[in-house]
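*Asks:* Take this sequence and fold it.
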Amino acid sequence: MLIDHAQAFETCETIESIWDHLLTCLTREGIGQVIYISVDAQRQNPFVLTNVPDVYATADPATDPFLSHICTSYTIVPTGPDFLPDYDYLPPEAQAFIREAEKVGWRTGMGIPMRLQGSDRYGGFNLGTSLDKDTFLATIMPKAEAFRTFCLLAHRRIEEISEASPLTPSDGFRDLLVAPEIPGLGGLSPREREVLYLIGQGISRKRCAQICGISPHTIGEYTKSAYRKLGISNRAEAAVLINKRAS
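*Replies:* Below you'll find the model as predicted:
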């Protein structure tokens, strides 16, 4: 599973090492083109990592149409020239930007919004393939939530290194939380939502403990509390609830 390789991000001490590991893992999953972009709350000061820099040869990263989507939604969306007919409402410059991607072999892909609780920056990953639309929808898109979780953990570690944030804060829980603001889960504390999100992605309690920086016992306590508040009783119900409301 892709998520099994995410633990390595926690031991990375440089952005370069995170990026190298991420590209290696995504390549194994059939992803050929990767863009990571984040901006501040004013949509300024873009930070970009990509293995296809030519995509931005004639465009400012801050004008990337994917950023406009991230401003208003957390939904994972199909991207790439093959999906352009679905976005005929985009302005001409945005459509031209998407067509440029075809020059680097990018036909289809998915845009995954990234937001961390505790950070004022936002952005996301755009993962591209050379697959045709039908093949992409059948083989890559069904794994969208697994890609989201993997990329979120990479994003958090990049943010921690960029901000010189400690890996394990004094209170025992990571400062930056990966769980999205999921509708209907407002009754949970931020940390209960974090644990429920990870559990709902099929991650074991032991691995959750490593990711969050707390003990497996504490993971169990947060899990039981979240289940009680939501009226659910197991991991399968959590997965259905999280994935339904995050989409």
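*Asks:* Would you mind confirming that residue 196 makes contact with residue 185?
*Replies:* Yes. The pair residue 196 / residue 185 is scored as a contact, 7.5 Å apart, by CB atoms under 8 Å. (Each C-beta comes from the backbone N, C-alpha and C, glycine too.)
*Asks:* okay, these two: which has more neighbours?
*Replies:* residue 196 (28 against 20; other CB atoms under 10 Å).
*Asks:* contacting residues around the closest residue to the more buried one other than its chain neighbours?
*Replies:* Excluding its sequence neighbours, the residue lying closest to residue 196 (CB to CB, 6 or more residues apart in numbering) is residue 226, at 4.4 Å. With contact set as CB atoms under 8 Å, 6 or more residues apart in numbering, residue 226 has these partners: 188, 192, 193, 195, 196, 238.
*Asks:* For residue 3, see how far away residue 234 is.
*Replies:* Going from residue 234 to residue 3 by CB to CB, to the nearest Å gives 19 Å.
*Asks:* Look at these two and report which has more neighbours.
*Replies:* Just comparing residue 234 and residue 3: by other CB under 10 Å the higher neighbour count belongs to residue 3, 19 against 10.
*Asks:* residue ranges for the strands of the protein, please.
*Replies:* Under the criterion DSSP state E, the chain contains strands at 33-39, 47-50, 77-79, 108-115, 122-129.
*Asks:* Take these and write them to CSV, including mean pLDDT.
*Replies:* Formatted as CSV, the strands of the chain follow (pLDDT from 0 to 100):
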stretch, mean pLDDT
strand 33-39, 93
strand 47-50, 93
strand 77-79, 93
strand 108-115, 92
strand 122-129, 94
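*Asks:* Dump the ones you listed to a markdown table, plus distance to residue 155 and mean neighbour count.
*Replies:* A markdown table is the format used below for the strands of the chain (distance: least, CB to CB, whole Å; neighbours: other CB atoms under 10 Å):
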| stretch | distance to residue 155 | mean neighbour count |
| --- | --- | --- |
| strand 33-39 | 7 | 23 |
| strand 47-50 | 11 | 17 |
| strand 77-79 | 17 | 20 |
| strand 108-115 | 5 | 24 |
| strand 122-129 | 8 | 26 |
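*Asks:* Redo those as CSV? Include distance to residue 159.
*Replies:* Formatted as CSV, the strands of the chain follow (distance: least, CB to CB, whole Å):
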stretch, distance to residue 159
strand 33-39, 8
strand 47-50, 10
strand 77-79, 22
strand 108-115, 9
strand 122-129, 10
